[in-house]
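In: sequence and predicted structure, then a few things I'm wondering about:
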Amino acid sequence: MPISVKPLTDRQKEALDFINSFIVAKGYSPSLKELAKFLETENLSTAQYFIQELEKKGHLKRDPHKNRGITPTAQKQTVPLLGYIAAGSPIEPIEDSEPVQVPTNIKLNKNNSYYALKVKGDSMIDMGILDNDIVLIKHQMTADRGDVVVGVTENGATLKIFDRENGKIVLKPRNNKYKSIKPEQLDIRGVFVGLVRSGY
């Protein structure tokens, strides 16, 4: 039976985000004292109340017999894997592709549309994006300077940093072996929001 998850107040969401971030950073859940400190209170019963509410709303599981016994309920996030992206080539579809499971520390907004692409090549290696990594893309048709975008130029699709020089669009790699691209035409198909290392 699926877990029923109810909406949170802003403060409850902040507390849940703190718990999730703490677990990602430390590998274990925060104590009541640590949660109380985050909530800027010395009252442990306030922290206890937040945990009870988060549990009641389906966002946490709690083991009363364990110290640091709270764990977030894993809400599975998946996005469709649409194909391979390599500099200067069209996006190549992947036959029989399966949805990609997204780590819970990457927050996907339910109001937006996302997809995944598998990287071919090393033009973004200095950003930590390696050959065969899976990049998560938020579907949108605009970008700000500094965004990593999926851009389709007259020479094919590419994953690069969006920038402007002298009023003209430039797509910049993050590997000194490659030159920047100054496209005549550009369609933005999305903005990079996260990475799933192969073997996650």
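Out: Structure received.

In: how near is the residue lying farthest from the centre of the chain to V79?
Out: Centroid-distance maximum for the chain: N43 at 33.9 Å, with CA atoms, centre = their mean. According to CB to CB, to the nearest Å, N43 stands 41 Å off from V79. Glycine gets a C-beta too; all of them are placed from N, C-alpha and C.

In: in this structure, spot the helix with the most residues.
Out: helix 10-26 (DSSP state H).

In: what's the mean pLDDT across that one?
Out: pLDDT averaged over helix 10-26 equals 85, rounded to a whole number.

In: for stretch 52-71, same thing?
Out: On average, stretch 52-71 scores 84.

In: buried ones in that stretch?
Out: Applying a neighbour-count criterion of 16 or more other CB atoms under 10 Å, one finds E53, L54, K57, H59, L60, I70 buried in stretch 52-71.

In: quick one: the strands in the chain, in order.
Out: 60-62, 70-72, 77-79, 81-86, 92-93, 100-102, 114-120, 134-138, 148-153, 156-165, 168-172, 186-196 (DSSP state E).

In: picking up where we left off before, show me which pair in the buried residues of stretch 52-71 is furthest apart.
Out: K57 and I70 (13.5 Å; CB to CB).

In: show me the domain layout of this structure.
Out: The chain breaks down into these domains under automatic domain parsing: 10-72, 77-196.

In: and the closest residue to V196 other than its chain neighbours, how far is that from I94?
Out: Counting by CB to CB, 6 or more residues apart in numbering, V196 lies nearest to I134, which is 4.3 Å off, once chain neighbours are set aside. Using CB to CB, I134 is found at 11 Å from I94.

In: now distance to V24 too, for the strands of the chain, in TSV please.
Out: Shown next, in TSV, are the strands of the chain (distance: least, CB to CB, whole Å):
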stretch	distance to V24
strand 60-62	15
strand 70-72	10
strand 77-79	15
strand 81-86	24
strand 92-93	33
strand 100-102	14
strand 114-120	20
strand 134-138	16
strand 148-153	22
strand 156-165	25
strand 168-172	30
strand 186-196	13
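
In: identify whichever of those lies nearest to G27.
Out: Using CB to CB, the nearest of these to G27 is strand 70-72, at 11.9 Å.

In: how far does the closest one sit from its chain's centre?
Out: 20 Å (CA atoms, centre = their mean, to the nearest Å).

In: name the surrounding residues that touch that strand.
Out: 16, 19-20, 23, 29-30, 51, 55, 59-63, 104 (CB atoms under 8 Å, 6 or more residues apart in numbering).

In: good, wrapping up.
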